[in-house]
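> Take this sequence and fold it.
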Amino acid sequence: MKAWKSRLEWAGFFAVLLLIWQISATIVANDIILPQPFQVFAAMLMQGTDPAFWPAVFRTLGRVVAAVILALASGLFLALMAHLCRHLEFFLTRLLLVLRSVPNIAFIILVLFWMNRETAVLVVLWLLLVPVVYSSLLERMAEIHDEHKDLFHVFPQPWYIRMKAVFLPEMQGTWSAVIVTSSSLACKAGVMAEILCQVPAGIGRSMQSARFALDTAGVMGWTIWLLLSAFALDAFWKQVPRWLERTLK
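Next up is the predicted model:
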């Protein structure tokens, strides 16, 4: 019952949103400034039937997935090292704080001096995601340590046993939240990086081509495709723990 109620609420939300969009487009009466909904949906249909559509979508999602996996692995490693060594935590926390303060466009321009376009997109996304993963995991590790410090004091164990027996199981909720957050952030920033790095294929490149053609409906269509892809990727990440659990059984 709650699921149906939620679906009805979302349906009502989109109906109102489409109504506002249609009224606004009618008042503006300029397809370049604000196309009507049916024009955008027609553009999406043309995009979806284009042979280059799926390669562009999968190239973008591939970059996002690769960046998320790299950020999760390196973020976990850095958080673990910082948790075990307070001096290293002092340095890493401030370094990543500086990285979070640097605008993404600055990263892109600098990285393009050193690397090719494809690698630049991946590195920029990695630099964007690592501080998020690191801070979330390190904070959760500190909470777990405080919750179990008496246990660790009475039954001292090597760090790798504590990590396997206590930290990793306790971090499952945080891990899932970090994955979803990183994936959503990478989808948004990834398209921007694709546009600025001028990669040969991807959703960002397709949006840029539509913008050059003054095809506002096409740009909005690709934006909606990006949102749908992000939702699909979000659903995929949520299913991964269940698949792993079934496989391990």
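
> From residue 60, how far off is the nearest residue to residue 208 once chain neighbours are set aside?
Leaving aside its chain neighbours, residue 208 sits nearest to residue 195 (5.1 Å; criterion: CB to CB, 6 or more residues apart in numbering). Glycine gets a C-beta too; all of them are placed from N, C-alpha and C. Taking CB to CB, to the nearest Å as the measure, residue 195 falls 11 Å from residue 60.

> on that earlier part again, contacts only, for the residue nearest to residue 208.
By CB atoms under 8 Å, 6 or more residues apart in numbering, the contact set of residue 195 is 204-205, 207-208.

> so which strand or helix has the spatially most central residue of the chain?
Against the mean C-alpha coordinate of the chain, by CA atoms, centre = their mean, the closest residue is residue 183 at 2.3 Å. Assigning secondary structure by DSSP states H and E places residue 183 in helix 172-197.

> Buried residues of stretch 184-199, list them for me.
Buried residues in stretch 184-199, counting neighbours by 16 or more other CB atoms under 10 Å, are found at 184-187, 189-197, 199.

> cool, and stretch 199-212?
Those would be 199, 201-208, 210, for stretch 199-212 by 16+ other CB under 10 Å.

> Show me where this protein dips below the pLDDT cut-off.
1-6, 144-173, 240-249 (pLDDT under 70).

> now the angle from whichever strand or helix holds residue 128 to helix 172-197?
Element membership of residue 128, judged by DSSP H and E, is helix 117-147. Orientation check (axes from the mean of the first three to the mean of the last three CA atoms, to 10 degrees): helix 117-147 against helix 172-197 gives 160 degrees.

> on that earlier part again, okay if I get the buried residues of stretch 184-199 as JSON lines plus distance to residue 102?
Shown next, in JSON lines, are the buried residues of stretch 184-199 (distance: CB to CB, whole Å):
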{"residue": "184", "distance to residue 102": "21"}
{"residue": "185", "distance to residue 102": "15"}
{"residue": "186", "distance to residue 102": "17"}
{"residue": "187", "distance to residue 102": "21"}
{"residue": "189", "distance to residue 102": "13"}
{"residue": "190", "distance to residue 102": "17"}
{"residue": "191", "distance to residue 102": "19"}
{"residue": "192", "distance to residue 102": "15"}
{"residue": "193", "distance to residue 102": "14"}
{"residue": "194", "distance to residue 102": "19"}
{"residue": "195", "distance to residue 102": "19"}
{"residue": "196", "distance to residue 102": "15"}
{"residue": "197", "distance to residue 102": "17"}
{"residue": "199", "distance to residue 102": "21"}
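
> Which residue ranges of the chain form strands?
For the chain, no strands are identified by DSSP state E.

> count of neighbours near the closest residue to residue 81 other than its chain neighbours?
Spatially, and ignoring its direct neighbours in sequence, residue 81 is nearest to residue 88 (5.5 Å; CB to CB, 6+ apart). Using other CB atoms under 10 Å, residue 88 is surrounded by 13 other residues.

> these two touch, right, residue 88 and residue 79?
No: using CB atoms under 8 Å, residue 88 is not in contact with residue 79, being 10.6 Å away.

> just to revisit the earlier point, anything in contact with each of residue 195 and residue 60?
Residues touching both residue 195 and residue 60 (CB under 8 Å, 6+ apart): residue 204.

> ok so, going back, and the gap between the residue nearest to the centre of the chain and residue 229?
Applying CB to CB to residue 183 and residue 229 gives a distance of 11 Å.

> Repeat that for residue 53.
11 Å.

> Residue 68 now?
Distance, residue 68 to residue 229, using CB to CB: 14 Å.

> out of these two, which sits in the busier spot?
Set residue 68 next to residue 229 and count neighbours by other CB under 10 Å: residue 68 wins out with 27 against 18.

> any idea how far the more buried one is from residue 43?
Taking CB to CB, one finds residue 68 at 29 Å from residue 43.
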